[in-house]
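Peer 1: Here is a sequence together with a model predicted from it:
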Amino acid sequence: MLVLGIESSCDETACAVVEDGRIVHANIVASQIEEHRLYGGVVPEIASRRHAEAISQIYEQALSEAGAGLGDIDAIGVTYAPGLIGCLLVGLNFAKGLSYASGIPLVPVHHLRGHIAANYIAHPDLKPPFLCLVASGGHSHIIEALDYTSFRVVGRTRDDAAGEAFDKAARTMGFSYPGGVQLDRAAQSGDPTAFAFPTPRLDTPYDFSFSGLKTAVINLVHNATQKGQQLPVEDLCASFQNKVATILCDKLLLAARDLGYRTIAVAGGVSANSGLRGQLERRCGELGYALYLPPLALCGDNGAMIGAQGYYEYCAGNTASLAQNACASLPIDVT
């Protein structure tokens, strides 16, 4: 079964052709990073316009690379929530147009479910149930994948997401957007014990808070600037990254222990972070947990993950009419 996956929730326009939720025949992504770098972050109106300009070409490229025509597609999976509403509407309306013209079923896909499904592409042996950390610029969740289309949120951020904290800390240190990748690169030559950052304390065991940690690094940099001091940037990056990774790992592994999971997955843009990947590999290895990490190419937003999850949503009967709307904010366990 071939599913066309369409993703346009933020600043990547993406289309892919995926077979049976596991085999990728094409995965085309058009990024807008260079343009948004001029503004230090994603400008929603610009992102929406660029999606509208690019989506037809990206769709045609995906079908061409897959050696398929629209008539070969069995279902059209598209991100409908959550995300920037103007961006979501571009992809959703394009998918609705294809569905109306062809009669192919329309399958609405939750963006976070798609990120989790990226692991199905990379790891054919991975099957629910398992515990998954979903960490990105806009989300930080610990999620039970009870089945391919059944999820329960165990923990979430109370304020900033991990990726947001990385990007804002990096911007304070002088890195351009998107700063998280550059912070990670600099951290690899730094001392992770050089700076002591606070550990947020919450009244719930599996929730996250990164606002205070982000503020701590901002205050540290600003105080040094006011005094004319030069901070060792590599050490600062390594220490900040180590603290964020430790917080994510501590909470995830605590939840796994308490809930009885020995299979762990990670998804989302922050799953590309070398500090997080390295610490999880080490600690899961020590505990004897099976760890599944997506390849770097599938950590960010892409159409393949939507096509993969779209297959499982279709098999579960989760199709939509042409009245389907986009939603900027929606929990993963709501259909």
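Peer 2: In hand now; what should we look at?
Peer 1: where along the stretch 1-150 of the chain do the helices fall?
Peer 2: 33-37, 44-66, 85-102, 111-122 (DSSP state H, counting those that start in this stretch).
Peer 1: Tell me which of these is the most buried.
Peer 2: Sort those by mean neighbour count, taking mean count of other C-beta atoms under 10 Å, and helix 111-122 sits at the top with a mean of 26. For glycine as for every other residue, the C-beta is placed from the backbone atoms N, C-alpha and C.
Peer 1: Can you name every helix or strand that that helix contacts?
Peer 2: Secondary structure elements in contact with helix 111-122, counted by 3 or more C-beta pairs under 8 Å, 6 or more residues apart in numbering; DSSP states H and E, are strand 2-7, strand 75-81, strand 130-135, strand 140-147, strand 263-267, helix 303-315.
Peer 1: hang on, the earlier thing: output the helices of the stretch 1-150 of the chain in TSV; the columns should cover distance to Ala194 and mean pLDDT.
Peer 2: TSV is the format used below for the helices of the stretch 1-150 of the chain (distance: least, C-beta to C-beta, whole Å; pLDDT from 0 to 100):
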stretch	distance to Ala194	mean pLDDT
helix 33-37	28	92
helix 44-66	37	98
helix 85-102	39	98
helix 111-122	32	98
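Peer 1: Centre-most residue in this protein?
Peer 2: Centroid check for the chain by C-alpha atoms, centre = their mean gives Gly268 as the closest residue, at 2.5 Å.
Peer 1: pretty sure it contacts Asp301?
Peer 2: No - if you go by C-beta atoms under 8 Å, Gly268 and Asp301 don't touch, sitting 9.3 Å apart.
Peer 1: rewinding a little: what's the residue nearest to the centre of the chain in contact with, if anything?
Peer 2: 112, 115, 133-136, 139, 163, 299 (C-beta atoms under 8 Å, 6 or more residues apart in numbering).
Peer 1: Now do the phi/psi pair for it.
Peer 2: Torsion angles at Gly268 (phi, psi; degrees, to the nearest 10) stand at phi 100, psi 170.
Peer 1: With Asp207 as the reference, measure out to it.
Peer 2: Taking C-beta to C-beta, to the nearest Å as the measure, Gly268 falls 17 Å from Asp207.
Peer 1: And for Gly103?
Peer 2: Gly103 sits 45 Å away from Asp207 when distances are taken as C-beta to C-beta.
Peer 1: more neighbours, the two?
Peer 2: Neighbour count, other C-beta atoms under 10 Å: between Gly103 and Asp207, Asp207 has more, with 18 against 7.
Peer 1: buried sites along the longest helix belonging to the chain?
Peer 2: As assigned by DSSP state H, the longest helix anywhere in the chain is helix 233-259. Going by neighbour count (16 or more other C-beta atoms under 10 Å), the buried part of helix 233-259 is 233-253, 255-256.
Peer 1: How about stretch 299-319?
Peer 2: Neighbour counts over stretch 299-319 (16+ other C-beta under 10 Å) mark 299-314, 318-319 as buried.
Peer 1: One more: stretch 278-289?
Peer 2: Buried residues in stretch 278-289, defined by neighbour count with 16+ other C-beta under 10 Å: 279-280, 283-284, 289.
Peer 1: farthest pair in those?
Peer 2: Within the buried residues of stretch 278-289, Gln279 and Tyr289 form the most distant pair, 12.9 Å apart (C-beta to C-beta).
Peer 1: Leaving out the residues flanking it, which one is nearest to the residue nearest to the centre of the chain?
Peer 2: Computed as C-beta to C-beta, 6 or more residues apart in numbering, the closest residue to Gly268 that is not its neighbour in sequence is Ser136, at 3.6 Å.
Peer 1: Verify the contact between that neighbour and Asn273 for me.
Peer 2: No - in this structure, Ser136 is not within contact of Asn273 by C-beta under 8 Å, at 10.7 Å.
Peer 1: who's in contact with the residue nearest to Gly268?
Peer 2: Residues near Ser136 by C-beta under 8 Å, 6+ apart: 115, 161-163, 268-270.
Peer 1: got it, and Pro205?
Peer 2: Listed by C-beta under 8 Å, 6+ apart, the contact set of Pro205 reads 155, 251, 254-255, 258.
Peer 1: swap in Ala272?
Peer 2: Neighbouring residues of Ala272 by C-beta under 8 Å, 6+ apart: 181, 184, 296, 299-300.
Peer 1: measure it to Ala135 for me?
Peer 2: Distance of Ala272 to Ala135, given as C-beta to C-beta: 10 Å.
Peer 1: Would you confirm that Val221 contacts Arg171?
Peer 2: No - with contact defined as C-beta under 8 Å, Val221 does not reach Arg171; the gap is 10.1 Å.
Peer 1: what residues are shared contacts of those two?
Peer 2: Counting by C-beta under 8 Å, 6+ apart, Val221 and Arg171 have no common neighbour.
Peer 1: By neighbour count, which bits of stretch 191-198 are buried? Give me those.
Peer 2: Buried residues in stretch 191-198, counted by 16+ other C-beta under 10 Å: 192, 195, 197.
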